[in-house]
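A.B. asks: The sequence and its predicted three-dimensional model are supplied below.
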Amino acid sequence: MMMNLFSIFEPSSSIFNLSINWLSTFLGLLFMPFMYWSSPSRWSLLWSKLILTLHKEFKALLQPSHLGSTMLFIALFSLIVFNNFLGLLPYVFTSSSHMAMTLSLSLPLWVTLMIFGWVNHTKHMFAHLVPQGTPVALMPFMVLIETISNIIRPGTLAIRLAANMIAGHLLLTLLGGTGPSLSLTILSILIFTQILLLILESAVAIIQSYVFAVLSTLYTSEIN
């Protein structure tokens, strides 16, 4: 039963033994040309307002020397939120529910920050391992704890995003699978519940994209 349930996340469609499910990651590019018409639409105005708001949010979190990085995190947010929403559509592969994608986003970012920080700001990186005011006796333990918490950062970013996408899809699939065996009254309640869950999943899609981008921004701000 569990293998059949989790099979909804398996990239099964293929041509000449090449998986085509991952092409859904690039479906967001189809929406981009509509933003460049001479007369802006409501969609393009809404998206421009969202980008400006995110720019202000990330600008407040970053150091003055890293302000140019806001566009990087806006692009990261855009990629994740597009994939999260596309995964809610029927028969569209949810690439953001796979660690192959989420870890591919978080791990290179973390490795790049670590290399940049330790090469250019070595003393500052060492200072981060021991919080200010730590007793001398606890310093070795704090260094160990801070090192472990730093190492697991890309994993927590990737697992948080993938787990939230998987949980919502599994719940929708479980409830939807019980529909044929229910009476008309209970079925109407189930449909109403599914609509509420879809609204909740839409909110989760935005929130998880924002959390991923904000945490990445906070990790960048620590590299002074």
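C.D. replies: Happy to help now that I have it.
A.B. asks: Need the residues that contact stretch 185-201.
C.D. replies: With contacts defined as CB atoms under 8 Å, 6 or more residues apart in numbering, stretch 185-201 is touched by 88, 168, 169, 171, 172, 175, 176, 178, 179, 182. All C-beta spots, glycine's among them, are computed from the backbone N, C-alpha and C.
A.B. asks: What residues of it count as buried?
C.D. replies: By 16 or more other CB atoms under 10 Å, the buried positions in stretch 185-201 come out as 197, 201.
A.B. asks: From residue 23, how far out is residue 169?
C.D. replies: Separation of residue 169 from residue 23 (CB to CB, to the nearest Å): 19 Å.
A.B. asks: again with residue 88
C.D. replies: Here residue 88 is placed at a distance of 17 Å from residue 23 (CB to CB).
A.B. asks: With neighbour numbers in mind, choose between those two.
C.D. replies: When neighbours are counted by other CB atoms under 10 Å, residue 88 comes out ahead of the other of residue 88 and residue 23, with 17 against 12.
A.B. asks: State the phi and psi torsions of that one.
C.D. replies: Backbone dihedrals for residue 88, given as degrees, to the nearest 10, come out at phi -80, psi -10.
A.B. asks: Please renumber the chain so that the first residue is 263 from this point on.
C.D. replies: Yep, numbering from 263; the last one is residue 350 now.
A.B. asks: So what's the predicted local confidence for the closest residue to it other than its chain neighbours?
C.D. replies: Using CB to CB, 6 or more residues apart in numbering and skipping residues adjacent in sequence, the residue nearest residue 350 is residue 463, 5.8 Å away. Residue 463 is assigned a predicted lDDT (pLDDT) of 90.
A.B. asks: where along the protein do the helices fall?
C.D. replies: 264-268, 304-323, 332-348, 361-382, 384-390, 401-413, 415-439, 446-483 (DSSP state H).
A.B. asks: Please name whichever of those helices is nearest to residue 291.
C.D. replies: With CB to CB as the measure, helix 332-348 is the member of those nearest residue 291 (8.7 Å).
A.B. asks: quick one on the thing from earlier: most packed of the helices of the chain?
C.D. replies: Burial among the helices of the chain, expressed as mean neighbours by mean count of other CB atoms under 10 Å, is greatest for helix 332-348, which shows a mean of 20.
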